[in-house]
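Colleague: I need the structure of the sequence given here:
(one chain, ligands or ions: 2)
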Amino acid sequence: MNRWIRTVLDVAFPPHCRGCNGWMSDEPEAILCRPCVDRLDRIEGAICVRCGHPLGPHVQPDAEGCALCAHRPYAFCRAVAAMHYDDAARPLIHRFKYYREPHLKIPLARFLAQAIRAAGIDGHIDAITGVPLHWRRRAGRGYNQSQLLAQELGRIFQRPVPARLVRRTRATRAQSLLARSDRAHNVVGAFAAAARQNKKYKQVLLVDDVMTTGSTASACAQAMLDAGVKDVYVAVVAR
Ligand SMILES: [Zn+2]
Ligand SMILES: [Zn+2]
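Modeller: Ligands and ions are numbered 1, 2, ... in the order given. Coordinates of the predicted model:
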């Protein structure tokens, strides 16, 4: 946008933080204010090489996984998360998902990109896709938040974001409403991927907003593996 138009607009409509609605004076292009960014508990340092869970200071990374994931069969080879899903991240992700704040994709994708680089996964991406929503849910929401993040990451890493790598074949009950033990069963067979699109890519980055048990990401990854992808990596905003 032209600088003068921008200045006039900023005087008429001072930019608001999309996290807290507070006025922002410092960075005209910013979506989140500094205090909102600082409140987020980012996952940094040593992480589990399977599920991305942060490891304590005296725990060595183990190829078999950590105490949380060692006994979980995942179809994806690695997962990373940008931040903890706590009282600071939860309302932000809810705004992004349910309250039509698609602009939040910009800062959230930046945090994701940092986590992906820190884990060294950025060299393993041939294509990027978001976990698909069932068409009925996407129609109600107006957009698929995970695909928006995938598109931002595609711009950042200069990788293709094909529209139809994987789709949801049936509407599943929201994972957040189910007991942990019921979640894997809820998403089994809920995704399908066509070999014609998938066999072009050896390594795919699958993007989602939140990961709890990993069942959704794993079911989605399994569909892509069945369609010819060799490795699926997972990146989520929060866990
Ligand atoms: Zn704020
Ligand atoms: Zn783990």
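
Colleague: contacts and neighbour counts: CA atoms only from here.
Modeller: Will do.

Colleague: Any stretches of this protein with poor pLDDT?
Modeller: Across the chain, the ranges flagged by pLDDT under 70 are 1-14, 26-28.

Colleague: redo that, cut-off 80
Modeller: Residue ranges of the chain with pLDDT under 80: 1-14, 25-29, 61, 171-177, 181, 184, 188-189.

Colleague: quick one: the strands in it?
Modeller: Using DSSP state E, the strands of the chain run over 78-83, 127-130, 166-168, 191-193, 203-210, 231-238.

Colleague: Listing partners with orientation, what would you give for the second one?
Modeller: Take DSSP bridges as the rule and strand 127-130 pairs in its sheet with strand 203-210 (parallel).

Colleague: Please export the C-alpha coordinates of the partner strand as CSV.
Modeller: Provided in CSV are the C-alpha atoms of strand 203-210 (Å, rounded to 0.1, in the frame of the first residue of the first chain):
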residue,chain,number,x,y,z
GLN,A,203,8.2,-35.4,1.8
VAL,A,204,5.1,-33.4,2.8
LEU,A,205,4.7,-31.0,5.7
LEU,A,206,1.2,-31.3,7.2
VAL,A,207,0.0,-28.2,9.1
ASP,A,208,-2.6,-27.9,11.9
ASP,A,209,-3.4,-25.4,14.6
VAL,A,210,-3.4,-27.6,17.7
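
Colleague: Make CSV out of the strands of the chain and add distance to ligand 1 and mean neighbour count.
Modeller: Formatted as CSV, those follow (distance: least, CA to the ion, whole Å; neighbours: other CA atoms under 10 Å):
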stretch, distance to ligand 1, mean neighbour count
strand 78-83, 17, 26
strand 127-130, 26, 27
strand 166-168, 34, 21
strand 191-193, 36, 22
strand 203-210, 20, 25
strand 231-238, 18, 26
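
Colleague: I'd like to know which of these is closest to residue 121.
Modeller: strand 231-238 (7.7 Å; CA to CA).

Colleague: one step back: so which of the strands of the chain gets nearest residue 177?
Modeller: Residue 177 sits nearest to strand 203-210 of all these, at 13.9 Å, using CA to CA.

Colleague: how distant is that closest one from the center of its chain?
Modeller: 6 Å (CA atoms, centre = their mean, to the nearest Å).

Colleague: Of all the strands of the chain, which one is nearest residue 219?
Modeller: Residue 219 lies closest, by CA to CA, to one member of the strands of the chain: strand 191-193, at 6.9 Å.

Colleague: What strands line up against that closest one, and which way round?
Modeller: Short version: by DSSP bridges, strand 191-193 pairs with strand 166-168 (antiparallel).

Colleague: And the contacts of the partner strand?
Modeller: Here strand 166-168 makes contact (CA atoms under 8 Å, 6 or more residues apart in numbering) with 131-135, 190-194, 220, 223-224.

Colleague: what subset of the residues you listed is also close to ligand 2?
Modeller: Among those, no residue sits close to ligand 2 (CA under 5 Å from the ion).

Colleague: Do a quick rundown of the helices in the protein.
Modeller: Along the chain, counting by DSSP state H, helices occupy 3-12, 34-39, 89-98, 105-118, 135-141, 145-157, 180-187, 195-198, 215-226.

Colleague: just checking, which of those helices sits deepest inside the structure?
Modeller: helix 215-226 (a mean of 24; mean count of other CA atoms under 10 Å).

Colleague: Taking their axis directions, that one and strand 78-83 sit at what angle?
Modeller: Helix 215-226 and strand 78-83 meet at an angle of 140 degrees, taking axes from the mean of the first three to the mean of the last three CA atoms, to 10 degrees as the criterion.

Colleague: Tell me the helices and strands packed up against helix 215-226.
Modeller: Packing partners of helix 215-226 (3 or more CA pairs under 8 Å, 6 or more residues apart in numbering; DSSP states H and E): strand 166-168, helix 180-187, strand 191-193, strand 203-210, strand 231-238.
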